[in-house]
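[1] need a structure here:
(chains A, B and C)
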Amino acid sequence: MENAWIIPLFPLISFLFLLLFGRRLKENSGYVGMVLTFLSLIYSLVVLFDRFNHPTYKAEATWLAIGDVQLTAGFEVNQLNALMLVIVSLVSFLVHTYSKGYMHGDDRFHIFYAYLGLFTFAMLGLVVSPNLLQTYIFWELVGVGSFLLIGFYFYKEEAKAAAKKAFIMTRIGDVGLLIGMILLFWQVGSFEYDAIFLAVEEGAISAGIITLTAILIFIGAVGKSGQFPLHTWLPDAMEGPTPVSALIHAATMVAAGVYLVAALFPLFTASETALMTVAVVGGFTAIFAASIGLVQTDIKRVLAYSTVSQLGYMMLALGSAGYVAGVFHLMTHAFFKALLFLAAGSVIHAVHTQNIEEMGGLWKKLRLTGPLFLIGTLAISGVPLLSGFFSKDEILIAAWANGNPVLFWLAVIAAFFTAFYMFRLFFMVFTGQARSEMKNVHESPKVMTVPMIVLGVLAVVAGYFNTPWFGTFLGDWLVEGNEALGHGHTEGPIWIMIVATLVSLLGIFLAWLMYGKKSLERDWLSSRMPTTYNMLYNKYYLDEFYALSVVKTTKGVSVLLSYIEAFVVEGIVKGVAGIVHGLGKTGSKIQSGQVQAYGTVAFVGLAVLVVVYVLAGGYLK
Amino acid sequence: MSSVPVSAYLTLALILFCIGLYGALTKRNTVIVLISIELMLNAVNINLVAFSKFGMIPSITGQVFALFAIAVAAAEAAVGLAILIALYRNKKTVNIDEMNDLKS
Amino acid sequence: MSFLSILVFSPLLGILVLALLPKTQESLIKLVGFLATLPALVLALIAFGTEDLTKYDVVKEWIHFGSDASLYAIDYELGLNGFSLILIVLTAIVSTLAAIASIHIKKEWKGYFMLFLLLEIGMLGVFAAQNLVLFFIFFEITMIPMFFLIGKWGYFEKEKGAYSYLIYNGLGSAILLIVIMVLFARTGTANISDLAQLMAVEDANTPSPISESLKMGLAIALLIAFGVKLPIFPLHTWMLRVHVQAPPSVVMIHSGILLKIGAFGLIRFGFGIFPEQFKSLALLLAILGVVNLLYGAFLAFIQTDFKMVLAYSSISHMGIVLIGLGALNEAGIQGAIFQVVSHGLISALLFFLVGVFYERFQTSTIANLGGMAKGMPLASGFLLAGALASLGLPGMSGFVSEFMAFLGLFEVHPVVAAIGCIGIIMTAVYLLRAVLGMTYGKAGREFAGITDIKSVEFVPVLVLLALIVLIGVYPSVLSEPLQATLETIMLGLGG
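    Predicted coordinates:
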């Protein structure tokens, strides 16, 4: 555990190495990335097991001195960090492997792997950070990794726009985080998590400041985790290669917001208002994004909205004081959503389109991808015995136990939506007849399917680490030695589990009726409420709204300022120049060249001076 | 001795100076201007001589200075006339209004 | 000759050699010009590795007025402290790299390099001078070569650029000269540390004491004089023209170092000599900083020419210097100094790349450069890296300075600072708009016959990037030499 700092370094080496020599290695670059992330994975597992038996380890050194204040950099291995290390390095390794097949033939193959290395480095660095400043540093770096990978197909206008949007939207959130962090610093005198928690516990910070800083920090999480109203970048981010969507925009980076709230959980629990804000934003996002997901036709976009919705779930859990539920769902979601994206990638790889209207009947052609996709779909829908069921159940219990029935029922409806749109996706892609001409459809190579199988297994079993039936190992371990985090497991009424199961099954059944059996017309609902359908299809016109309000305002301010620049500032300059010029002109007109005129002026001047002198009584002195 | 008061000398000098100044500033003929300048010089000379006799500390220096001034004025008149002739050869005129070469 | 004198005047050797060369020998002249910047670089690096800087102090009697030997003497005094040393190193590095960038100069290389080296002498001298008169002389030495470099080797409206440079800076130095002369006449000394001590003491033993209101007036005059150089809104328009009209290698120097003289002067003379007055001006400084930051950022957002984007971005980034200074605490001032260095490196990098692109495409209009990553992947990558550094990406120098400046300001004026934070977002917006507009998207042109960044062009890019990353990852490399200077400043501010 003392050497845990080395874990993020492996991918960094991969990044630098591939940047320098990748061009020569060509597709062998993939092996470099794979080997180095595999080392990270192994070491992460070692650290995780080490953590089971040893207390939290922390090491730091001075990074920068400002007067007497020493800002430090270092690493910390506590339960949450150790768990995140494994999740990140595992998914990253699997995606590295998968990309070997998916990106085959791309002439910027090595660049892709270099970027993946950069991102993995930043993400691993983020999860071992012992203080807010370091977290912020890596927080921005993962943003850049994401930005670079979204814009990987840089020659596509859409990719360019999506990359720009992702960076700027998250930066808006980041500024919130930055302000919150600095305000907290001047209260506590340190960026260290420990010091912050201690100050909160001792009541050294006023309640108002706690709420303010917690909400500001939460804004950072909102940006990164694609929560309403800063979520619009995440669906657009699907312009990146699919493995990237799996790694960054499903499993790891977008979960960083959730991770941040979890890491700062004692700060949030100190303020009712902050916690409530987290819960409301999370709950609203969960149902809001799920409702958009109902009608989208791009396979990756459906998954993207589902990610936004699931992240909302996690936020809801944390906001309902369900620390374990949030972190647990983060873990299971990482596995089944990565699986879904990789499987979607495999489908896209086979049929070369992302539009589900053009797919259909792929179950027979993709004998491996189909079942794996089904596992992921079942898991995310919360069908019993799969991982998503247990974690979603924890969240619902936490929401109920927190005593907010509105949020609870919102979450239930969102679960229904989730089950419906996920199975809509499944039925439209894999069952029925192909709706367009598809040639050469073939299963993906082994290098792509094996990672999917690993994730498939995890998507099934990951839930059993923390179940109300066999024991809540994970939950108990996570909160061990820290009472501020709440209990390892919250007992909830049994009917919640039943309701949750029922709504998912209902959603699946409805989807089957409409898209599987087709006994209901596909448009029986949308034709009845065209306005609602259009609104959902256009994502509540939020992009258009932002384009009209924020973007237009910014442009307007800029144009206004440019007028100020051109007319006021330059005007003053021109005015001054004009006055000087005019003075010069007048002066040169007086210079007539007539000596007698000069003489007259000189004489009159002298006379005036003498008169003044005399009147002033000068000569008497 | 003489009962002519100092104010009479000074008045004479003042009148002479004013005539000279008027001539120098208004006359169009350069020769007249030159003569007017000579008048002004001589007004100064009268003042110098008057003060050397009636000044607070009478001294011969004033009269010596006046002699110097007369000598220098003669030289100056010679040079001035020479320049005027040169100018006349160039411009074919003695009208001062046309001698505005100072204006670029 | 003492060490510092050699350091400052070493480019003179290059000027002499160049004077003897025939003016048609293009490559030889360029080589000599480049080599002539090296001695200063080596010496500056040697000094940077030294612990005790006082041993470099030089004092020689020079000009003396009146009979009292201790008063009204202007000596030839050079010396170093942590801050000026860092700027000298920066000057030496950027000058060497700009000399490399000068390979793109197309005519009259001999005159160009002679002026260029003269400019370097001026800049080195400005930072090494220990008294105000000497400072002013070097300050003026930088102006004259700069005027000709813009006016002769610039682009379409070069004369206009050169004249507005000269007029604005001439006015600035006139005001500076007045301040210097008043101080010299009233106190009898021009030495900076003597002045700082005299000002700190009540009823100091000077020929003619300076009243509080006069001190305030002098402080404001200093702010204006250096505000022109920095530049502070609304005194900035000259700088836009210089950025657009001057050749890129000259803009590297200009944006990288000459603008920094404004910040250097404010910190060294403003805070050094008039700490009390600047304390009461602090809020004004902070607000001016935020105005600069936002004004530059919003205007950069709608520019169509990349050079204009960078020009406004310079204004915006200089706002951060003011924000840091306005904070009046260690974090803020350290942030301001970091920003001075960091922006020097980053803008040198970006303008070098502008030169690289201009050399190949004869344009710097964003719309005409779209999709460049297709044809010039390496150069585009470096441009993106430069832009990321400029928008304050952690791990690069821009972040450290921006962070510290805001950290400082949040302690004293949280509301002003929070408004300033909009600038952080806007910086990302305008830089990405411009850089992605140039490199990403559909290629608008053919890239046949266009070579990517090559051979000698790598040197400036890699050196600058390495330094930017070094400062970003290990900021102590700057903060440790600065410690003593900062303590002196904080002592003056009484905190």
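[2] got phi/psi on residue A:62?
    For residue A:62, the backbone dihedrals (degrees, to the nearest 10) come out as phi -70, psi 130.
[3] against chain C, how distant is it?
    Note on residue A:62: its distance to chain C, by CB to the nearest CB, to the nearest Å, is 8 Å. For every residue, glycine as well, the C-beta is placed using N, CA and C.
[4] hang on, that residue packs against residue A:69?
    No. Using CB atoms under 8 Å, residue A:62 is not in contact with residue A:69, being 10.1 Å away.
[5] the more surrounded of the two?
    When residue A:62 and residue A:69 are compared on other CB atoms under 10 Å in any protein chain shown, the one with more neighbours turns out to be residue A:69, at 14 against 11.
[6] phi, psi for the more buried one please.
    phi -80, psi 130.
[7] quick one: which helix or strand includes residue 13?
    This is for chain A. For residue A:13, the host element (DSSP states H and E) is helix A:6-25.
[8] hmm, no, I was thinking of chain C.
    Using DSSP H and E, residue C:13 sits within helix C:11-20.
[9] residue ranges with poor pLDDT in the chain?
    No chain was given, so I picked chain A. Within chain A, the stretches with pLDDT under 70 are A:438, A:488, A:619-621.
[10] that's the wrong chain, I meant chain C
    C:69, C:202-205, C:444, C:495.
[11] what residues does it have near chain B?
    Residues of chain C found near chain B (CB under 8 Å from any CB of the partner chain): none.
[12] how's chain C carved up into domains?
    Domain ranges of chain C: C:1-275, C:281-495, per automatic domain parsing.
[13] does the helix holding residue A:13 come close to chain C?
    No. Figure legend: helix A:6-25 not in contact with chain C (CB under 8 Å from any CB); closest approach 9.0 Å.
[14] hey, which of the domains of chain C is tucked in deepest?
    Ranked by average neighbour count under the criterion mean count of other CB atoms under 10 Å in any protein chain shown, the domains of chain C are headed by domain C:281-495 at a mean of 22.
[15] now do that domain: distance to the chain's middle.
    Here the centre of domain C:281-495 is set off from its chain's centre by 13 Å, with CA atoms, centre = their mean, to the nearest Å.
[16] SS state for the nearest residue to residue A:281 once chain neighbours are set aside?
    In space, residue A:281 comes closest to residue A:227 once its chain neighbours are excluded; the distance is 5.4 Å by CB to CB, 6 or more residues apart in numbering or on different chains. Classification of residue A:227 by DSSP: H, G, I helix; E, B strand; the rest coil places it in coil.
[17] helices of the stretch 251-400 of chain C, residue ranges please.
    C:259-265, C:272-273, C:275-280, C:282-301, C:306-327, C:330-361, C:372-375, C:377-390, C:397-412 (DSSP state H, counting those that start in this stretch).
[18] contacting residues around the residue nearest to residue A:281?
    Residue A:227 sits next to A:221, A:257, A:281-282, A:285, A:308, A:311-312, A:315 when contact means CB atoms under 8 Å, 6 or more residues apart in numbering or on different chains.
[19] can you name the residue of the stretch 401-550 of chain A nearest to chain C?
    residue A:550 (10.3 Å; CB to the nearest CB).
[20] and the helix holding residue C:13, what does it pack onto?
    When contacts are defined as 3 or more CB pairs under 8 Å, 6 or more residues apart in numbering or on different chains; DSSP states H and E, helix C:11-20 sits against helix C:26-48, helix C:109-128.
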